[in-house]
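Mind folding the following:
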Amino acid sequence: MTTIPVQLGERSYNVITDANLLSRAGELIAPFAPTNRVFIVTDQNVARLHRPALTAALDAAGIKNWTITLPPGEGSKSFAGLEMLTRHLLQAGIDRRDLVVAFGGGVIGDLSGLAAGLVKRGVDFVQIPTTLLAQVDSSVGGKTAIDTPEGKNLIGLIHQPKLVIADLDVLGTLPERELRAGYAEIVKAALIGDAAFFDWCEANAADVLATKPTPLAKAIATAIAFKARIVEADETEKGQRALLNLGHTFAHALEAHSAYDGTLLHGEAVAAGTALAFAFSAELGLCGAEDATRVRKHLESAGFVTDLRELAGAPYDPQKLLALMAADKKSEAGAITLILARGIGQAFAHRAADAEKLAAFLNRETR
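Residues are numbered from 1 along each chain as shown. Next up, the predicted model:
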C-alpha cells in the first residue's frame, strides 16, 4: 500500500493507493466516522459495479451506511444536481458529525465535496475515486464545483477530504475511453514540471493504458505526489497551483461549447487543450516547435484527437471559444490567463494573453 500525504496543517490527509482497497474501506474510513454513520454518494454505473463491495466492507466494520444514487454524467454536476443531492442528504437526516463518502468519478467527487461543504455549513467527506482521472487529479486538492452555462467549475469552494482511497482494481471495469481520459491528467503532470517523467510516459504509456499493474501504479503515484506537493505550496490557488490548469482554459471552453452533453470527455478536452497550449506557446516563441510537436505526437499515439476539426463536438466556433475562455475563473479584469510552457516540464502562467493573437490562433485551429 502506497500512502501519499497531503500536508496542509489541520486539513492534512493521506491518499492511499493499492489493489483491493474496497475490501478494507471500513477499517480505513472508521477513524473519520465518529458517529458511525456514513452517506455514500455514487452514480448508477458505479453502484451497479462496486457498491456491494463497499457496503460489505462498511457493514463488516459496523458502520451504518446509506446510499444516494445519482444519474451518471456531467449533467449531474449542476445546480439541479446540487439541489437534489443536498436535499437527499437533509431528508436522510445527516448530522454535522456524519461523513459523506464520494464514491465515483470526477463528477461525483466534485458534486459530493461541494454538497458536503455546504450542508449544515460543512460536514467531512472521504473520496473513493473510481476513474483514473479522478484518482490522479480531481480527488486530490479539495476543489469542488458545479458547472453552469457560463463555464465549467465556476461555482464551488475548496473543501479538503479527510482521506482519499484509490483502489487500483476498480479501474479494471473502466471503458477504454474513460481510462485514456485519465491518462491525460497523468501526462499533464509531467508536462508541467517533470521532463524526466514525460520521458517515462513516452516509453510506458501503452502499458499504463493496458492497466499493467506496475507501470499503472507508478504513473498514478507519481501524478498524485506531484499534485500533492503543488497543493501543499498553494492550497487556494494564489500562484503555483494555477499551473495544474495546463491545457484547461482551452479544455473547459471546448466542454462548455458542447454544453457538457457527454460528447467530449474532460480528459479528451484536456489532451486537446494541452496540445493547443503547447502549439500557442510555440507560435508566441515561448517554446520550441519541436517540443510542441513532441507533445502532440505523444498524445496522438495514446489515442487522443488533437485536431479541433476532428475532435468530438466539432465544428467549434472560434469566437464562442474565445468568449468562454474569457469567462474562465483564472481571468483577471477581463484579461485571459493561460497556462503555457517554455518547454516540456516548464509550464508558467501567461497573464493578459493577447486576445487578437489568441483569436487568430483559434480561427486557424478550427477552420
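
drop to CA atoms for contacts and neighbour counts, all remaining ones
Noted.

For the spatially most central residue of the chain, which non-adjacent residue is closest in space?
In the chain, the C-alpha nearest the mean C-alpha coordinate belongs to residue 138, at 3.2 Å (Cα atoms, centre = their mean). Counting by Cα to Cα, 6 or more residues apart in numbering, the nearest residue to residue 138 once its immediate chain neighbours are dropped is residue 106, at 5.8 Å.

so where do the helices sit in the stretch 251-367 of the chain?
266-283, 289-301, 318-326, 355-366 (DSSP state H, counting those that start in this stretch).

show me the contacts for the closest residue to residue 289 other than its chain neighbours.
Spatial nearest neighbour of residue 289, excluding adjacent residues (Cα to Cα, 6+ apart): residue 282 at 5.3 Å. Contacts for residue 282 (Cα atoms under 8 Å, 6 or more residues apart in numbering) come out as 288-289, 292.

what does residue 112 give?
Contacts of residue 112 (Cα under 8 Å, 6+ apart): 41, 85, 100-102, 144.

could those be laid out in a markdown table, adding secondary structure?
Formatted as a markdown table, the contacts of residue 112 follow (DSSP: H, G, I helix; E, B strand; the rest coil):
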| residue | secondary structure |
| --- | --- |
| 41 | strand |
| 85 | helix |
| 100 | strand |
| 101 | strand |
| 102 | strand |
| 144 | strand |
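
Can you read off the pLDDT for residue 268?
What the model reports as pLDDT for residue 268 is 97.

quick one: contacts for it?
Residue 268 neighbours (Cα under 8 Å, 6+ apart): 181, 184, 304-305.

Kindly export the longest helix along the chain (C-alpha atoms) in PDB.
The longest helix of the chain (DSSP state H) is helix 213-233. Provided in PDB are the C-alpha atoms of helix 213-233 (Å, rounded to 0.1, in the frame of the first residue of the first chain):
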ATOM      1  CA  PRO A 213      -0.100  -3.300 -12.500                       C
ATOM      2  CA  THR A 214       3.500  -2.000 -12.100                       C
ATOM      3  CA  PRO A 215       3.500   0.900 -14.600                       C
ATOM      4  CA  LEU A 216      -0.100   1.800 -13.700                       C
ATOM      5  CA  ALA A 217       0.800   2.000 -10.000                       C
ATOM      6  CA  LYS A 218       3.900   4.100 -10.700                       C
ATOM      7  CA  ALA A 219       2.000   6.500 -13.000                       C
ATOM      8  CA  ILE A 220      -0.800   7.000 -10.500                       C
ATOM      9  CA  ALA A 221       1.500   7.500  -7.500                       C
ATOM     10  CA  THR A 222       3.800   9.900  -9.400                       C
ATOM     11  CA  ALA A 223       0.900  12.100 -10.600                       C
ATOM     12  CA  ILE A 224      -0.700  12.200  -7.200                       C
ATOM     13  CA  ALA A 225       2.600  13.000  -5.400                       C
ATOM     14  CA  PHE A 226       3.200  15.800  -8.000                       C
ATOM     15  CA  LYS A 227      -0.200  17.300  -7.400                       C
ATOM     16  CA  ALA A 228       0.100  16.900  -3.600                       C
ATOM     17  CA  ARG A 229       3.300  19.000  -3.500                       C
ATOM     18  CA  ILE A 230       1.800  21.800  -5.500                       C
ATOM     19  CA  VAL A 231      -1.400  21.800  -3.400                       C
ATOM     20  CA  GLU A 232       0.700  22.000  -0.200                       C
ATOM     21  CA  ALA A 233       2.600  25.000  -1.600                       C
END
